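Engineer: Sequence plus the predicted model coming up.
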Amino acid sequence: MRDQLLTLKGGSGKVQGQQEIRRGPPHPSLHSHAPSNSDSFSPLPPSLFHVVFHQTRGARHFPFLSLSEGWESKTVMRRDLPASTTLPISATFLHPAKQHGLLKFSGCSENKGVRYETNSLDFKVRTDGTIYTTKQVQIPLEQTIFMVTAWDYQAQKSWETMVRLLVGERTQHRGHKKGKKSLSADLAPQPNDTLLPWRQQQNPHGLRRQKRDWVIPPINVPENSRGPFPQQLVRIRSDKDSEIHIRYSITGVGADQPPMEVFNIDPVSGRMYVTRPMDREERSSYHLRAHAVDMNGNKVENPIDLYIYVIDMNDNRPEFINQIYNGSVDEGSKPGTYVMTVTANDADDSTTANGMVRYRIVTQTPQSPSQNMFTINSETGDIVTVAAGLDREKVQQYTVIVQATDMEGNLNYGLSNTATAIIMVTDVNDNPPEFTTSTYSGEVPENRVEVVVANLTVMDRDQPHSANWNAVYRIISGDPSGHFTIRTDPITNEGLVTVVREVDYEMNRAFMLTVMVSNQAPLASGIQMSFQSTAGVTISVTDVNEPPYFPTNHKLIRLEEGVPTGTALITFPAVDPDRFMQQAVRYSKLSDPANWLNINATNGQITTAAVLDRESPYIKNNVYEATFLAADNGIPPASGTGTLQIYLIDINDNAPELQPKEAQICEKPNLNVINITATDADIDPNVGPFVFELPSVPSAIRKNWTITRLNGDYAQLSLRIMYLEAGVYDVPVIVTDSGNPPLFNMSVIKVKVCPCDENGDCTTIGAVAAAGLGTGAIIAILICIIILLTMVLVFVVWMKRREKERHTKQLLIDPEDDVRDNILKYDEEGGGEEDQDYDLSQLQQPENMDHVLNKANGVRRVDERPVGAEPQYPIRPVIPHPGDIGDFINEGLRAADNDPTAPPYDSLLVFDYEGSGSTAGSVSSLNSSSSGDQDYDYLNDWGPRFKKLADMYGGGEDD
């Protein structure tokens, strides 16, 4: 298949290649606006031309394209390349719905069932082929281009053409008659050919034609083409290629900009190719620029714009936004009620049938009461009801399968997808509640509240636990006093007849109630209440032993205080409500804080048991309160309480008391005074104003002191004389209240007179000199003296006892001071010593311990360390008794034998008697010479372990 080439050379009128350009007669169906002389060729005059393209072989013949204005265009094109035509218009501003021509394709089912589409939002084509504007459009001065596609669904074919709108020009040319009108329009060549138009340029010799910029119609490339690739789109060629070597190139997105190398061009031949399948959903158009330069890189032609449009193919199914849609509609809705909207999007071109989605309902489940309860708007996806009879109590939910199909819903050619619409039938209150039975009964003891006496059951077919189902009960008759109410159980919807006010068997033994039930929500329009929404309730009251009650509880009486004992105050009777039982009532006290009252057990008469005193601490706000108990003799017995409040009226039984009790004043008073007042336990009118006065006896009181009254509650006590010696003075003052009769009291105020400084304050010396001892101070001083004497006595007794213990143990050796840890073993003279760890103090007996050893109950052990403190003064050793020490040893033996704490093997050692004649007289005597013959001062140098020995033998003569 040979390529098409159109070459227009300026001014030559020559035709190259397989194209023929000639002027020809207009189509018979068009107006005759072309010039009549067609035998000669002129270089592109401003008129319309009839262009015929021929192809030698392998070409497909495109149908004829007819226009209401212009020239006929017969085109034999290379496969898949659209034809193009030019439509002249007379204005640049187009109004909406304005028709601009009639477009028809010949040979396509005689134009029956053919639908036209454009890729422009400004221009559309009606089914009869009329081209019109959809809105106000401003046409550029150069041109407006759009594509028209004809779809024949019967023949399953389509045709395309490119329409270019040019504004007509009115010009005057040489060789034309003056005033003759002509339209200048360029017929677009095939998109695989270059078009080199001419422009006129003024020179001194007249007009001559020159080349204008290249203009190439948009190139349409179908998406998803299977190739083979690279696939040629167009060939660009300059008419200067016969003179010089030209190299061609393209720039722009898709060429040298991402995405790279989608298009390329043969730099020598100018053939431009697409290198791979296109996807309109990724990119719908490309804008490239073609360049022509010589071998030195010099520009030969101005760059030309190439517009490449990707033609949409139906390669995308509609996609629902959600796979499951949820909607609702009230039961009983009328036909045409809106339910919900489903939406599907198609990635294909929405201006073409490929992207035009239509909806339909495929199935409905369940098909009750009709298989077509809903319909859907095919364009908007709105689902509405189409039939009546929606009843939630029968069908609560519908499942609708919705199908979305492109190609405007054509199931033969379009692609489809489905989604699920779940439609919930919402409840309305179209079923009134009904009682399950017409009568109910119950029983309640008297005097009980918050007791459920009957359960009312109802049936409601509406949605449970909704306002259309929740029951509301009302008592419409039979309970004028409001003893009962009906509450709704939130779970079972039952009515709970509850006692809210005590019922009295003696007043009403039975109640006949009429109740009505309804819903929280009102009934739907047209629904009436059922006669079964009303029922009767019979409630029986049972008798119980009721406690007696005081008709006037918290009874208040008023009387004066000071009522004598035994005075009858009031009879406080109680009433037994069980008047048919004839029970006896007895009275007793339950609370009487001051024990002032008595009550008669049979008739309830209250008398005083003591004098009532308003000033008692048991009185609160002049009221004394006592509680009494009334009990019947029923089985079991019942009792009630009553409170008696006694308001005590005050009498003037309390004299006023002077305040303060102590005060001080300067011995030179000047302006120094004492403010005095009075207090009274009574209340008005038995209190102030008070009268303050000084007694007439002794006369020195009024001579030295005076009282000045300030008001009814206060007065001033001051010195009458200019000087009074410092000291403490008792000043009696008589205070009288205003009661009837008035009471007075003579109170004594202790006034301390002291010297004062210039500020009128007592000085320290004066205050001390003038200070008197009160009773409390004297008692405190006496207590301190007694405590001091007691401490001295205790100390003396303790010292006596300690001295006695010191004399008792003065010869005993402290085991801690014994320097001998063990007895040294020398030559034994007897059986030997079995226990070497014994205290030598057992062999020492002071002279003053004979009375202890001679006690009948035993011997006191002296081998224990004294509890008392050791004396700090040296003790002179006592000379042992010169008698035989045998008695002492025997006593010690008996004490050791009877001692449970004695060590084992503690036995008496026997030595030989050496007789008399010895200087010592006996072995038991440790004193062989007088202490005065020895000097024991060296013992003080032996250290603290021999301190005891040094004290015994180194004492002074005065000890």
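Structural biologist: Cool, the structure landed. Residues are numbered from 1 along each chain as shown.
Engineer: Determine how far the last residue of stretch 584-598 lies from the first.
Structural biologist: From the first residue to the last, stretch 584-598 extends over 20 Å; the measure is Cα to Cα, to the nearest Å.
Engineer: meant to ask about stretch 942-949
Structural biologist: The distance separating the two terminal residues of stretch 942-949, taken as Cα to Cα, comes to 10 Å.
Engineer: List the buried residues for that stretch?
Structural biologist: K947, K948, L949 (16 or more other Cβ atoms under 10 Å). (Each C-beta comes from the backbone N, C-alpha and C, glycine too.)
Engineer: One more: stretch 550-560?
Structural biologist: Neighbour-count burial for stretch 550-560 [16+ other Cβ under 10 Å]: F550, K555.
Engineer: Excluding its own residues, what touches that stretch? List them.
Structural biologist: 569-570, 572-575, 612, 623, 628, 630, 640-651 (Cβ atoms under 8 Å, 6 or more residues apart in numbering).
Engineer: Neighbours of G297, how many?
Structural biologist: Neighbourhood size, G297 [other Cβ atoms under 10 Å]: 7.
Engineer: Over to it. Which of the three states is it?
Structural biologist: coil (DSSP: H, G, I helix; E, B strand; the rest coil).
Engineer: Show me this structure divided up by domain.
Structural biologist: For the chain, whose domains are defined here by automatic domain parsing, the residue ranges read 19-215, 218-312, 319-426, 434-542, 555-649, 657-772, 810-953.
Engineer: which stretches of the stretch 401-550 of the chain form strands?
Structural biologist: For the stretch 401-550 of the chain, the strands identified by DSSP state E, counting those that start in this stretch occupy 416-426, 434-435, 439-445, 452-456, 458-459, 471-477, 484-488, 495-499, 510-519, 534-542, in order along the chain.
Engineer: next one: the stretch 251-400 of the chain
Structural biologist: In chain order, the stretch 251-400 of the chain shows strands spanning 263-265, 271-274, 285-294, 299-311, 319-320, 324-330, 338-341, 344-345, 358-365, 374-376, 382-385, 397-405, with DSSP E, counting those that start in this stretch as the criterion.
Engineer: Identify the residues contacting D684.
Structural biologist: Contact analysis of D684 by Cβ under 8 Å, 6+ apart lists nothing.
Engineer: so how far is Y618 from it?
Structural biologist: 22 Å (Cβ to Cβ, to the nearest Å).
Engineer: same check, this time on E379
Structural biologist: Distance, E379 to Y618, using Cβ to Cβ: 96 Å.
Engineer: D578 now?
Structural biologist: 36 Å.
Engineer: The two: which is more packed in?
Structural biologist: The neighbour count for D578 versus Y618, taken as other Cβ under 10 Å, is higher for D578 (19 against 14).
Engineer: contacting residues around the residue lying closest to Q528 once chain neighbours are set aside?
Structural biologist: By the measure of Cβ to Cβ, 6 or more residues apart in numbering, the closest residue to Q528 outside its immediate chain neighbours is P432, 7.6 Å from it. With contact set as Cβ under 8 Å, 6+ apart, P432 has these partners: D460, S518, N519, L523, I527, Q528, M529, S530, S533.
Engineer: Would you confirm that the fourth one contacts N429?
Structural biologist: Yes - assessed by Cβ atoms under 8 Å, L523 is found in contact with N429 at 5.2 Å.
Engineer: Please say which of those two ends up with more neighbours.
Structural biologist: Between L523 and N429, N429 has the larger neighbour count (other Cβ under 10 Å), namely 21 against 16.
Engineer: so how many other residues sit close to the closest residue to that one other than its chain neighbours?
Structural biologist: Excluding the flanking residues, the one nearest N429 by Cβ to Cβ, 6+ apart is N468, at 3.9 Å. The local packing of N468 (other Cβ under 10 Å) involves 25 other residues.
Engineer: In this structure P369 contacts E331, no?
Structural biologist: No - look at P369 against E331 with Cβ under 8 Å: they stay out of range, at 11.7 Å.
Engineer: Look at those two and report which has more neighbours.
Structural biologist: E331 (20 against 13).
Engineer: Contact partners for the more buried one?
Structural biologist: E331 makes contact with L390, D391, R392, E393, V425, T426, D427, V428, D430, according to Cβ under 8 Å, 6+ apart.
Engineer: Between the strands of the stretch 251-400 of the chain, which one is closest to I219.
Structural biologist: I219 sits nearest to strand 299-311 of all these, at 4.8 Å, using Cβ to Cβ.
Engineer: what are the pairing partners of that closest one, and which direction each?
Structural biologist: Using DSSP bridges, the strands paired with strand 299-311 in its sheet are strand 219-222 (parallel), strand 285-294 (antiparallel).
Engineer: Next, the buried residues of the helix or strand where V794 lies.
Structural biologist: Assigning secondary structure by DSSP states H and E places V794 in helix 775-808. By neighbour count, and taking 16+ other Cβ under 10 Å as the criterion, the buried residues in helix 775-808 are R806, T808.
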